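Chemist: sequence plus the predicted model coming up.
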Amino acid sequence: PVFCTYRFLLSSQVEDSMMDVYDFVYEEVRRNSSSFRRHELTAIHEAFLCCGKHSPFGDTTNVEHKTCPSSQIRNAGQDCLQEIRDFLRKHMDFVSTLLGVTIGFMVYGMILTSFLWFSIHFSSNLDRKGKYILR
């Protein structure tokens, strides 16, 4: 239960951060169309294979024609926010599974190491093990 709560919080923070970055870059390009931000937005569109977003501020086709790859222009207005959300959810499942397996191996290693340490620490003579003297 604790791991599931942690996973949910982590995935929602990552998702929110990615959405904020996309919104920031998109609005910067929509406002002043600097070449640096336009290249960033183009890279995001190419990476997630999407083009633009549904904006409450009106027409966004000018931004999408400048930043969408030529293969994606026909899909202008496709919601990149939804594509990013789907991509992150799919990959966060993999990351959380990998993290769970790693934590399991780490706990197993800690138990094994502590058992080894206690067995060495509480044995008095390791060099005499297996040597018996007949009287």
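Modeler: In hand now; what should we look at?
Chemist: looking at the protein, which helix or strand does the model trust least?
Modeler: helix 61-67 (a mean of 67; mean pLDDT, DSSP states H and E).
Chemist: just give me the neighbour total for Thr20.
Modeler: For the record, residue 20 is Asp, not Thr. Asp20 has 10 neighbouring residues, counting by other Cβ atoms under 10 Å. Where C-beta positions appear, they are placed from N, C-alpha and C, glycine not excepted.
Chemist: check the gap between it and Tyr26 for me.
Modeler: 11 Å (Cβ to Cβ, to the nearest Å).
Chemist: how about low-confidence regions in the chain?
Modeler: The chain contains residues with pLDDT under 70 at 1-10, 33-34, 54-65, 69-78, 124-132.
Chemist: hey, where'd the helices end up in it?
Modeler: 2-32, 35-48, 61-67, 80-121 (DSSP state H).
Chemist: for the first one, buried residues please.
Modeler: So that's helix 2-32. Arg7, Ser11, Glu15, Met18, Met19, Tyr22, Val25, Tyr26, Glu28, Val29, Arg30 (16 or more other Cβ atoms under 10 Å).
Chemist: next up, the contacts around the nearest residue to the fourth one once chain neighbours are set aside.
Modeler: By the measure of Cβ to Cβ, 6 or more residues apart in numbering, the closest residue to Met18 outside its immediate chain neighbours is Ile84, 5.4 Å from it. Residues in contact with Ile84, defined by Cβ atoms under 8 Å, 6 or more residues apart in numbering, are Glu15, Met18, Met19, Tyr22, Phe48, Cys50.
Chemist: repeat for Val29
Modeler: Val29 neighbours (Cβ under 8 Å, 6+ apart): Arg37, Arg38, Leu41, Val63, Lys66, Thr67.
Chemist: so how far is Lys66 from Val14?
Modeler: 28 Å.
Chemist: returning to what we had before: could I get the contacts of Val29 as a markdown table with neighbour count and distance to Arg89?
Modeler: Formatted as a markdown table, the contacts of Val29 follow (neighbours: other Cβ atoms under 10 Å; distance: Cβ to Cβ, whole Å):
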| residue | neighbour count | distance to Arg89 |
| --- | --- | --- |
| Arg37 | 19 | 26 |
| Arg38 | 17 | 28 |
| Leu41 | 24 | 22 |
| Val63 | 22 | 26 |
| Lys66 | 12 | 29 |
| Thr67 | 26 | 24 |
